[in-house]
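Participant: Fold the stuff below for me.
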Amino acid sequence: MGIYERWVLPRLIDLAMRNREVRRYRARIVPQARGRVLEIGVGSGLNLPFYGPGVQRLYGLDPSEALLAMTGKRVRGAHLPVELIHRGAEAIPLEAGSIDTVVTTFTLCSVTDPLQALREMRRVLRPHGLLLFAEHGLAPEPSVQRWQRRLTPAWRRIAGGCHLDRKMDALIGQAGFAIEHLATEYARGPRPMTYIYCGRARR
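Facilitator: All right, here's what the predicted structure looks like:
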């Protein structure tokens, strides 16, 4: 791992994830979490203020040591118990059926194997457990899709593996989840980068 990936990229990710549009989707999704919660791609801890009193314990998983260090600073003032886990989402070190809610916000775009990661999320959820998600991905218009596919090879090299062309609802369904609610729309910004999938699914 080079200097860019270790030191520069985590700070760029933290900065990008602070924007108003991303915050709007966090505020829509994260407060729905209940019980024992696993957040996939906890990053620099920007979801922490949105968790409500119904959360008993939060497990924050992320493969980046630098981002987890940022989260560690925010955890000190958190209103709930938090355990940070340095690991990728493809192999979650938690017992099957041990989690009530999984939260993933703007993370599945950069996971190396999103289908395997989603299957792991389903494994750790209790029966009828809840997956809450806000992700960007493949747009419905062919003209936007063409740009997403053109841009992704270069974009993922500079943006921490971020793919612009993943169809998030299809991946969630393929992993065995039943989607209960799904809202899709363009957020503000360039269309290839801002088509949003926002909703919840059951194990």
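
Participant: Every contact and neighbour count from this point should use C-alpha atoms.
Facilitator: Fine.

Participant: what helices or strands is the lengthiest helix in the chain leaning on?
Facilitator: In the chain, taking DSSP state H as the definition, the longest helix is helix 142-158. Counting by 3 or more C-alpha pairs under 8 Å, 6 or more residues apart in numbering; DSSP states H and E, no packing neighbours are recorded for helix 142-158 among the helices and strands.

Participant: Look at residue 23 and give its secondary structure.
Facilitator: On the three-state scheme (DSSP: H, G, I helix; E, B strand; the rest coil), residue 23 is labelled helix.

Participant: And for residue 166?
Facilitator: On the three-state scheme (three-state DSSP), residue 166 is labelled coil.

Participant: now residue 36
Facilitator: When classified by three-state DSSP, residue 36 comes out as strand.

Participant: which ones are touching it?
Facilitator: Counting by C-alpha atoms under 8 Å, 6 or more residues apart in numbering, residue 36 touches 55-59, 98-101.

Participant: what separates it from residue 114, distance-wise?
Facilitator: The gap separating residue 36 from residue 114 is 22 Å, by C-alpha to C-alpha, to the nearest Å.

Participant: still on that earlier bit, what's the following helix or strand after the longest helix of the chain?
Facilitator: helix 168-174 (DSSP states H and E).

Participant: which parts of the longest strand along the chain are buried?
Facilitator: Looking across the chain with DSSP state E, the single longest strand is strand 125-136. Neighbour counts using 16 or more other C-alpha atoms under 10 Å place 125-126, 129-136 of strand 125-136 among the buried residues.

Participant: What is it packed up against?
Facilitator: helix 20-29, strand 99-105, strand 195-202.

Participant: So which elements touch the second one?
Facilitator: This points to strand 99-105. Packed against strand 99-105 by the contact rule (3+ C-alpha pairs under 8 Å, 6+ apart) you find strand 35-40, strand 125-136.

Participant: Could you tell me which residues within it count as buried?
Facilitator: 99-105.

Participant: between that strand and strand 35-40, what angle do the directions make?
Facilitator: 30 degrees (axes from the mean of the first three to the mean of the last three C-alpha atoms, to 10 degrees).

Participant: and what of the longest one?
Facilitator: What separates the directions of helix 20-29 and strand 35-40 is an angle of 150 degrees, with the same axes, to 10 degrees.

Participant: Check the gap between the residue sitting furthest away from the middle of the chain and residue 86 for me.
Facilitator: No residue in the chain sits farther from the centre than residue 143, which is 26.1 Å out by C-alpha atoms, centre = their mean. According to C-alpha to C-alpha, residue 143 and residue 86 sit 39 Å apart.

Participant: circling back: next one: the residue farthest from the centre of the chain, what pLDDT does it get?
Facilitator: We have a pLDDT of 98 for residue 143.

Participant: which of the buried residues of strand 125-136 sit farthest apart?
Facilitator: The most widely separated members of these, counting by C-alpha to C-alpha, are 126 and 136 (26.2 Å).
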